[in-house]
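[1] 3D model of this:
(one chain, ligands or ions: 1)
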Amino acid sequence: MSLLHRYLDDALRAGLSGRATSAGVRLEDVIRSGTRHPDSSVGVYAPDADSYDVFRELFEPILAHFRACPLPPGSELACVNPAAVVSTRIRVARNLAGHAFPAGMSPAERLAVEAKIVRACGTLAVDTGGWIRKIGDIPRLSLGSMVARRLAFGRDDKYMEAADIYADWPVGRSVLNTRNRQLSVWINEEDHLRVAVVLPGARVSACADVVSTVMAALSAQLDFCVDASLGHLTSCPSNVGSGMRASYMVDMRMDTSQQPRLEALESAGVVQIRGAWGEHSARAGGLADVGFRRRVGAPEAALLHDMRLLCAGA
Ligand SMILES: NC(=[NH2+])NCCC[C@H](N)C(=O)O
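    Numbering: from 1, shown residues only. So this is what the prediction gives:
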């Protein structure tokens, strides 16, 4: 059952149904994806920052659910063999203050946000040897292969589709990729800004260093949407707080002893084991993306520490 269905009972629905944010977002906009897709895990998206306040009786229990993710003592976490880690990935989600979020944007607003972020990225691309392209200018076949390698994004997520996040596709969507493929910046996907760094091997600290350099440069030029008590606000409540998700691409065939222990952590709700090719991809070919469920409200340093405990030496 999705968190939406768990927490939105008839009384709450009645209480929230007359409300609207200053931009006109109503309850049905927030819950459209989860209503259309009962197999959602969360089921809500915030079309603007104000939604977290106006519909807080719905967002609060969902955020509280994420804050309560279990975290066993460090000794029980160490179960990923560093030799089996193909790569380490850290991504950060941000939205710009003063603009609707992707589920609530007009074409003009998407273009305005894209222009601000592209401008801010200009210096990064020069530094690292890279290029920014509009999604609409990438030939279909290359886009397909970039999406498969997680270098770009398409419009193939039914949950985001139902939330209107792909409205006016591909207007206002761009990606930055560096020559070495280690840094990608996605503009106007689920959030205004997604920065992802992937380094080979088990290297949480090195990966975090690259992310913080990039984020320092971008935040010097962009005004991010931050709530005084919740932290960074994102389209999906699962990313609120630091907006960060760290994961390892693990080759499950490398060391068969790690698999049952990892799966025990997964059944206990501690880690999430995803397919290697993105959030809803199947687990195939022995590669899996392993990250913690705990994210909301936890400081970045704590999230990175969890990752180092999961894989000693990273
Ligand atoms: N990319 C994400 N925000 N993933 C988490 C939730 C995805 C989808 N809205 C669901 O509820 O199942």
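[2] mind listing the helices for this structure?
    3-7, 10-16, 27-36, 51-54, 56-67, 74-77, 107-128, 140-148, 158-162, 204-219, 258-267, 300-310 (DSSP state H).
[3] so which of those helices comes closest to the ligand?
    Set against the ligand and scored by Cβ to the nearest ligand atom, the helices of the chain come closest in helix 158-162, at 3.7 Å. Yep, even glycine has a C-beta here, placed from its N, CA and C like the rest.
[4] Which positions within the closest one qualify as buried?
    159, 160, 161, 162 (16 or more other Cβ atoms under 10 Å).
[5] so what does it touch, helix or strand wise?
    Applying 3 or more Cβ pairs under 8 Å, 6 or more residues apart in numbering; DSSP states H and E, we find helix 158-162 packed against helix 27-36.
[6] Quickly check: the helix it packs on near the ligand or not.
    Yes: Helix 27-36 reaches the ligand (Cβ under 6 Å from any ligand atom) through 33, 34.
[7] Name the residues of the stretch 151-300 of the chain found near the ligand, please.
    159, 190, 236, 238, 279.
[8] Tell me the pLDDT of the closest residue to residue 22 other than its chain neighbours.
    Leaving aside its chain neighbours, residue 22 sits nearest to residue 50 (5.8 Å; criterion: Cβ to Cβ, 6 or more residues apart in numbering). Note on residue 50: pLDDT of 98.
[9] Report the angle between the strand of greatest length in the chain and helix 107-128.
    What stands out as the longest strand in the chain, according to DSSP state E, is strand 85-94. Here the directions of strand 85-94 and helix 107-128 differ by 130 degrees (axes from the mean of the first three to the mean of the last three Cα atoms, to 10 degrees).
[10] And the residue of the stretch 151-300 of the chain closest to the ligand?
    residue 236 (3.1 Å).
[11] Could you list which residues are in contact with that residue?
    Applying Cβ atoms under 8 Å, 6 or more residues apart in numbering to residue 236 gives the contacts 42, 44, 45, 46, 190.
[12] From the contact counts, what lies against the longest strand of the chain?
    So strand 85-94, by 3+ Cβ pairs under 8 Å, 6+ apart, packs with strand 193-200, helix 204-219, strand 244-251.
[13] To residue 82, which of the ones you listed lies closest?
    Among these, strand 244-251 comes nearest to residue 82, with 9.3 Å by Cβ to Cβ.
[14] then that closest one to CSV, C-alphas only?
    Presented in CSV, the C-alpha positions along strand 244-251 are these (Å, rounded to 0.1, in the frame of the first residue of the first chain):
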residue,chain,number,x,y,z
MET,A,244,21.1,13.3,-1.5
ARG,A,245,21.0,9.6,-2.4
ALA,A,246,24.2,7.5,-2.4
SER,A,247,24.5,4.0,-3.8
TYR,A,248,26.9,1.3,-4.9
MET,A,249,26.7,-0.6,-8.1
VAL,A,250,27.4,-4.1,-6.7
ASP,A,251,28.3,-7.1,-8.7
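[15] Can you list the buried residues in that strand?
    Quick answer for strand 244-251 (16+ other Cβ under 10 Å): 244, 245, 246, 247, 248, 249, 250, 251.
[16] just stretch 252-259 next, same as before
    Per 16+ other Cβ under 10 Å, stretch 252-259 contains these buried residues: 252, 254, 258, 259.
[17] near the ligand, which residues of the stretch 1-150 of the chain show up?
    2, 33, 34, 40, 41, 42, 43.
[18] Could you turn the buried ones of these into a ChimeraX selection?
    ChimeraX command restricting these to the buried ones, with burial defined by 16+ other Cβ under 10 Å:
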select :2,33,34,40,42,43
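[19] Max pairwise distance over the residues of the stretch 1-150 of the chain next to the ligand: which two?
    Using Cβ to Cβ, the pair of those lying farthest apart is 33 and 41, separated by 11.0 Å.
[20] Report the two of the contacts of residue 236 separated the most.
    Counting by Cβ to Cβ, the most remote pair of the contacts of residue 236 is 44 and 190, 12.9 Å apart.
[21] separation between the nearest residue to residue 210 once chain neighbours are set aside and residue 109?
    Spatial nearest neighbour of residue 210, chain neighbours left out: residue 197 (4.6 Å); criterion: Cβ to Cβ, 6+ apart. In this view, residue 197 and residue 109 are 28 Å apart by Cβ to Cβ, to the nearest Å.
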